[in-house]
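Visitor: predicted model follows, preceded by the sequence.
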Amino acid sequence: MGTYLITGATGGIGTAVAELLRERGHDLVLTARSPERLGELAGRLRGAAHAPTQVINPSAVAAGRRDASVTTIPVDLTEPLRIEASLAVAGLPARLDGVVHAAGMVHLAPVADMEADEWIQHLSVNLVSAAELTRLLLPALRAAEGHIVFVNSTAGLRANPEWSAYAASKFGLRALADSLRAEEPSLRVTTVYPGRTATDMQRKVRAQEGHPYAEDDFAAPATVARVLVSALETPRDAVVSDVTVRPN
């Protein structure tokens, strides 16, 4: 079994990925801003039943399970310059089989109304922190010939009105992934582009758009997580470099 670090672990997609990887018996390092929410999630995962309900790759599930570890590291991605200190205090494993960048934030506004601090926040959380965290984790990822997954957005493929700051950060995240893939041949790099997904972030987006939120209108976080984990479980002779997941 492997060791996987997940950012935004207390969010919808991050939590769903953590649950699937936990079912498979992997060790988890969970990061998010709130220590309280991280603690609640870790406690739930540690107490979860080991038997998986659905298995994408049966060979990835160990026949004899062990108690995988669940570690939490509170990290504030709005301050990328402090990430290194947060990791140093927590301590990290020498090998990481994968990193899933699932953290993100969004605030909608026309360019005319989007002030500099909002641009800085989008870029700090959605792009700069992902780049800095990846840089710091590269030695552990190289040691395991690991896999990095960037949870992007369909906004990283096409920008729409009032989405400028978020889309710009996601276009940048796509460039980060593509450059990293070319620079680090021993690593696998995947970008997942979810469409609208039933998460708390989507609930806030719908409120900003002035529309009601109906969970059934969007893809489930667990569905996106299944696609993401399937990419992680792809045999080593191939890599899923880009995959888009849209609500049906």
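Guide: Everything's here; your move.
Visitor: okay, CA-based contacts and neighbour counts for the rest of this
Guide: OK.
Visitor: tell me the contacts of residue 97?
Guide: Contact analysis of residue 97 by Cα atoms under 8 Å, 6 or more residues apart in numbering lists 2-4, 141, 144-147.
Visitor: just the ones of those in strands?
Guide: Counting by DSSP state E, the part of those found in strands is 3-4, 147.
Visitor: any idea of the mean pLDDT for the helix ranked longest in the chain?
Guide: Secondary structure of the chain read by DSSP state H shows that its longest helix is helix 164-183. For helix 164-183, mean pLDDT is 98.
Visitor: that one packs against which elements?
Guide: When contacts are defined as 3 or more Cα pairs under 8 Å, 6 or more residues apart in numbering; DSSP states H and E, helix 164-183 sits against helix 116-123, strand 188-194.
Visitor: quick one: low-confidence ranges for the protein?
Guide: 49-66 (pLDDT under 70).
Visitor: if we use 90, what do you get?
Guide: Low-confidence segments of the chain, defined by pLDDT under 90: 1, 47-68, 91.
Visitor: show me what contacts residue 42?
Guide: Residue 42 makes contact with 30, 70-72 under the criterion Cα under 8 Å, 6+ apart.
Visitor: residue 15 versus the residue nearest to the spatial centre of the chain, what's the distance?
Guide: For the chain, the residue nearest the mean C-alpha position is residue 102 (1.8 Å; Cα atoms, centre = their mean). Noted for residue 102: a distance of 9 Å to residue 15, by Cα to Cα, to the nearest Å.
Visitor: list the residues that contact both of these two?
Guide: In contact with both residue 102 and residue 15: 8-9, using Cα under 8 Å, 6+ apart.
Visitor: sec struct for residue 29, please.
Guide: Three-state assignment for residue 29 (DSSP: H, G, I helix; E, B strand; the rest coil): strand.
Visitor: residue contacts, it?
Guide: 3-6, 70-73.
Visitor: from these, pick the one nearest residue 169.
Guide: Each of the contacts of residue 29 was checked against residue 169 using Cα to Cα; the closest is residue 6, at 19.2 Å.
Visitor: for the closest one, list each beta-bridge partner.
Guide: Counting by DSSP bridges, residue 6 forms beta bridges with residue 30, residue 100.
Visitor: so it touches residue 96, yeah?
Guide: No: taking contacts as Cα atoms under 8 Å, residue 6 lies outside contact range of residue 96: 11.0 Å.
Visitor: neighbour-wise, which of those two wins?
Guide: In this view residue 6 and residue 96 are compared by other Cα atoms under 10 Å, and residue 96 has more residues nearby, 26 against 23.
Visitor: what about that one, is that helix, strand or coil?
Guide: Under three-state DSSP, residue 96 comes out as coil.
Visitor: so it touches residue 143, yeah?
Guide: Yes: between residue 96 and residue 143 a contact is recorded at 7.5 Å, counting by Cα under 8 Å.
Visitor: so which bits of stretch 151-158 are buried?
Guide: Using 16 or more other Cα atoms under 10 Å as the burial criterion, the residues of stretch 151-158 that qualify are 151-156.
Visitor: stretch 24-37 too?
Guide: Neighbour-count burial for stretch 24-37 flags 24-33 (criterion: 16+ other Cα under 10 Å).
Visitor: endpoint to endpoint, it covers what distance?
Guide: With Cα to Cα as the measure, the ends of stretch 24-37 fall 23 Å from one another.
Visitor: same question for stretch 68-86.
Guide: So stretch 68-86: terminal residues 23 Å apart, Cα to Cα.
Visitor: how many neighbouring residues does the residue nearest to residue 157 when sequence neighbours are not counted have?
Guide: The shortest distance from residue 157 to any residue other than its chain neighbours is 6.9 Å, reached at residue 171 (Cα to Cα, 6 or more residues apart in numbering). Other residues near residue 171 come to 20 when the count uses other Cα under 10 Å.
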